[in-house]
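>>> Quick one: sequence plus predicted model below, questions after.
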Amino acid sequence: MRRLPLFAIVCCAVTIGACTKESPKVAETAKGEITPQAAPAATLTFADLAGKWMVNATPESNDTVVTHPVINATADSTGWTITYPPNPKPITASKIMLAGDSVVIDWGPYMSARRKGAKAMSHDVYRLRDGKLVGYSMSHYVGAPQDSVLRLRLEATRAP
């Protein structure tokens with residue numbers, strides 16, 4: 001007989017717990033304060049990225065030379081190009097993929113602006129933050145050992 005009231009209490013507790021809304025997730029700050037966590041970033045679309053983007057590419061190494069390619073993005077995954085001196089013609093992206101708040105772009109092979117006469121291939125990852133595209137590029141030189149990598153910080157602003 002004692003099991004029936006205990007069973008009823010457990011069933012009520014489970015039912016009440018299942019019917020309540022999930023509270024917002026919180027994070028504890030360094031000062032011990034509790035603050036709500038930011039909402040996840042919105043999913044990026046090609047339409048969000050369409051247009052001309054002026055890029056500053058800065059090496060993570062001690063090299064201070066900044067290159068300034070220009071990305072021409074379309075409202076879909078076709079026709080994306082990058083104008084990148086010393087290449088006489090725009091370079092077409094070989095692969096473009098959207099994933100959540102990021103766009104991943106593969107370029108190349110193209111003539112390197114940093115190593116005269118060398119060709120390179122790049123794998124860029126950007127996120128749209130406060131109206132700018134920010135991210136990183138991993139460039140590999142064609143014919144060089146696999147560990148010959150140049151990593152660049154990228155920041156792009158929409159051209160007027």
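Structure's in. What do you need? The model shown is predicted, which means the values in this text are computed figures rather than measured ones.
>>> Sketch out the helices for this protein, chain order is fine.
Along the chain, counting by DSSP state H, helices occupy 3-19, 46-49.
>>> The chain - how does it break down into domains?
Domains of the chain are assigned by automatic domain parsing as 3-36, 46-158.
>>> Which residues outside stretch 61-77 are in contact with it?
By C-beta atoms under 8 Å, 6 or more residues apart in numbering, the list of residues contacting stretch 61-77 from outside reads 46-47, 49-59, 79-84, 90, 96-97, 105, 113-114, 150-152, 156, 159. Using the backbone N, CA and C atoms, a C-beta is placed for each residue, glycine as well.
>>> got any ranges where this protein has weak pLDDT?
For the chain, the stretches with pLDDT under 70 are 1-41.
>>> which residues does Lys119 bridge with?
Lys119 has these beta-bridge partners by DSSP bridges: Met111.
>>> now Thr67
Thr67 has the following beta-bridge partners by DSSP bridges: Ala57.
>>> how about the strands of the chain, start to end?
Applying DSSP state E to the chain gives strands spanning 26-28, 34-36, 51-59, 70-73, 81-83, 91-99, 102-111, 119-129, 132-141, 149-158.
>>> Please indicate which of the contacts of stretch 61-77 are buried?
46, 49, 53, 55, 57, 59, 80-82, 84, 96, 105, 113, 150, 152, 156 (16 or more other C-beta atoms under 10 Å).
>>> Report the two members of the residues you listed separated by the largest distance.
Spatial extent of these (C-beta to C-beta) is set by the pair Phe46 and Pro59 at 28.8 Å.
>>> Skipping adjacent residues, who's closest to Ala93 in space?
Spatial nearest neighbour of Ala93, excluding adjacent residues (C-beta to C-beta, 6 or more residues apart in numbering): Trp80 at 4.1 Å.
>>> same question, Thr92
Of all residues not flanking Thr92 in the chain, Thr81 sits nearest, at 5.4 Å (C-beta to C-beta, 6+ apart).
>>> how far away is that neighbour from Gly100?
Using C-beta to C-beta, to the nearest Å, Thr81 is found at 24 Å from Gly100.
>>> quick one, what contacts Trp107?
Trp107 makes contact with Ile82, Tyr84, Ile91, Ala93, Ser94, Met121, Ser122, Asp124, according to C-beta under 8 Å, 6+ apart.
>>> Thanks again, I'm all set now.
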